[in-house]
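Colleague: sequence and predicted structure, then a few things I'm wondering about:
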2 protein chains.
Amino acid sequence: MDIGLLGGTGIEGKGLALRFAAAGAAVFVGSRSEERAAGAASQYNEILGKPLVTGCSNPDMLARCNLVFLTVPFEHALSAIHGAVGSFRAGQILVDVTVPIAFHRGRPEFIQPDAGSNAELIAQQLPAGIDTVAAFKTIPAHVLADPQTELRCDVFVCGDSQSAREKVMSAAGMIHSLRPVDAGELQMARVLERMTLLAIHLNRRYKQKGARFIVQGI
Amino acid sequence: MDIGLLGGTGIEGKGLALRFAAAGAAVFVGSRSEERAAGAASQYNEILGKPLVTGCSNPDMLARCNLVFLTVPFEHALSAIHGAVGSFRAGQILVDVTVPIAFHRGRPEFIQPDAGSNAELIAQQLPAGIDTVAAFKTIPAHVLADPQTELRCDVFVCGDSQSAREKVMSAAGMIHSLRPVDAGELQMARVLERMTLLAIHLNRRYKQKGARFIVQGI
């Protein structure tokens, strides 16, 4: 399986690249700068001990991968989508992992998107034929990016296309000790994005860094 | 410890009465009807095998208990508070467990309260000196009400008064296999109330009834 990362040189991209590569996927780290992408890929491959990750421009990544994760920080999500929108092809799946939270005087605040959630806002920017799926929103990036940490949690996946959702769940299910959970339609991202606010709060309250969720009873 | 239930004759009241009584608390089931309260208490005591629960009017319950759980269905929450507001005393803690979700054509929908969350709306109705805490919002009532089911989950507790929050956490921590988690200020109820929407969805998707949450990593 080919996994593409749109803007994959940050911590979220690093985490997904390491986890998917370790699970046997070919990972393509896209960036606006080919050089930065190549540098990130080389860093990830060093951690992995094998050349499993390839760096390339975002358009080259989009020409190659059908499952594409948007891995830029939230404040760059819209511009990253707008910069790449001409390179998308019908049939691709965009997985939004961004969360509309900003820090105001050191305090995390939820930035209410007009569309209801950031995932729904992203979906509105994409041409017909591209399915948007929200996933990985509640899993701390630096937990993903630390291969020594067992995930032992659920990854909530939601989107309006059931087949796209199932493809993302199937990909996420390859990752060790991560359970994909079908969270239904894309608007459930309104819940998932807010859960990240709770997780950030709990990290601060309990002086931890890796608060994440497991659903008991399903 | 004395636990009061404002409107405690429904399934949520039954669940909290059984769990708190089993944990060693004296439980006072309040109702608008003393007769209904007595009937419910007698039913709960039969399940418990011991006379640990007392039925009484809501004002009698409020005269006795400092820790009071609002256990009516969401659609009756405001009227229950308005009906009892004259009986509250400064220093009492009201624990709101209600969730603003209604079923529209069989589909659960989140009813956005103007105050941000139902817990914040309830807090606005109470006189000064009464602290509002939100808790138990993400735990299915019928799981609480089935003593055969081990809870094995977290109970998120939030409220603007730290001492009130700690009292509720301490009470909830008496319940077997339930971990109290400090979720911070009352406005975190905006997240908790929405998490219940996710839990209801997951129950339907996975044909279960007891979806509830555990936080990993804290």
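Modeller: Structure received.

Colleague: state the distance from the closest residue to A:M174 other than its chain neighbours to B:V68.
Modeller: Counting by Cβ to Cβ, 6 or more residues apart in numbering or on different chains, A:M174 lies nearest to A:A23, which is 3.9 Å off, once chain neighbours are set aside. The way it works is simple: take the backbone N, C-alpha and C, and place the C-beta from them, glycine included. The spacing between A:A23 and B:V68, counted by Cβ to Cβ, to the nearest Å, is 50 Å.

Colleague: repeat for A:F136
Modeller: As judged by Cβ to Cβ, A:F136 and B:V68 stand 40 Å apart.

Colleague: likewise for A:L52?
Modeller: To B:V68, A:L52 is 58 Å away according to Cβ to Cβ.

Colleague: with A:E75 instead?
Modeller: For A:E75, the distance to B:V68 - Cβ to Cβ - is 43 Å.

Colleague: looking at those two, which one has more neighbours?
Modeller: Legend: neighbour count by other Cβ atoms under 10 Å in any protein chain shown for A:E75 and B:V68, higher for B:V68 (26 against 11).

Colleague: helix, strand or coil: sort out the more buried one for me.
Modeller: With DSSP: H, G, I helix; E, B strand; the rest coil as the basis, B:V68 sits in strand.

Colleague: and it, what is it in contact with?
Modeller: B:V68 makes contact with B:G4, B:L5, B:L6, B:M61, B:L62, B:Q92, B:I93, B:L94, B:V95 under the criterion Cβ atoms under 8 Å, 6 or more residues apart in numbering or on different chains.

Colleague: now it. Nearest residue, chain neighbours left out?
Modeller: Nearest in space to B:V68, with sequence neighbours left out and distances taken as Cβ to Cβ, 6+ apart, is B:G4 at 4.2 Å.

Colleague: direction included, what does the host helix or strand of the one you found pair up with?
Modeller: Assigned by DSSP states H and E, B:G4 belongs to strand B:2-6. Strand B:2-6 pairs in its sheet with strand B:26-31 (parallel), strand B:67-70 (parallel), by DSSP bridges.

Colleague: pretty sure A:A211 sits against B:F213.
Modeller: No. Counting by Cβ atoms under 8 Å, A:A211 sits too far from B:F213 to count as a contact (11.3 Å).

Colleague: how close does A:G86 get to A:N58?
Modeller: Per Cβ to Cβ, A:G86 is found 11 Å from A:N58.

Colleague: ok, A:G15 next?
Modeller: 19 Å.

Colleague: also A:G129?
Modeller: Applying Cβ to Cβ, the value for A:G129 to A:N58 is 18 Å.

Colleague: which one of the two is surrounded by more residues?
Modeller: Higher neighbour count among A:G129 and A:N58: A:N58, with 25 against 10, using other Cβ under 10 Å.

Colleague: next, count neighbours for the residue nearest to the more buried one when sequence neighbours are not counted.
Modeller: Once flanking residues are discounted, A:N58 sits nearest to A:G30: 3.9 Å by Cβ to Cβ, 6+ apart. By other Cβ under 10 Å, 31 other residues sit near A:G30.

Colleague: what's the answer for A:D114, then?
Modeller: 7.

Colleague: got phi/psi on it?
Modeller: Here is the backbone geometry of A:D114 (degrees, to the nearest 10): phi -60, psi -30.

Colleague: quick check: it vs A:P100, distance?
Modeller: Counting by Cβ to Cβ, the separation of A:D114 from A:P100 is 11 Å.

Colleague: taking the centroid of chain A, which residue is nearest it?
Modeller: A:V97 (3.4 Å; Cα atoms, centre = their mean).

Colleague: how close does it get to chain B?
Modeller: Per Cβ to the nearest Cβ, to the nearest Å, A:V97 is found 17 Å from chain B.

Colleague: thinking again about what came up before, so how many other residues sit close to the residue nearest to A:M174?
Modeller: 18.

Colleague: contacts only, for it.
Modeller: Going by Cβ under 8 Å, 6+ apart, A:A23 touches A:M174, A:I175, A:H176.
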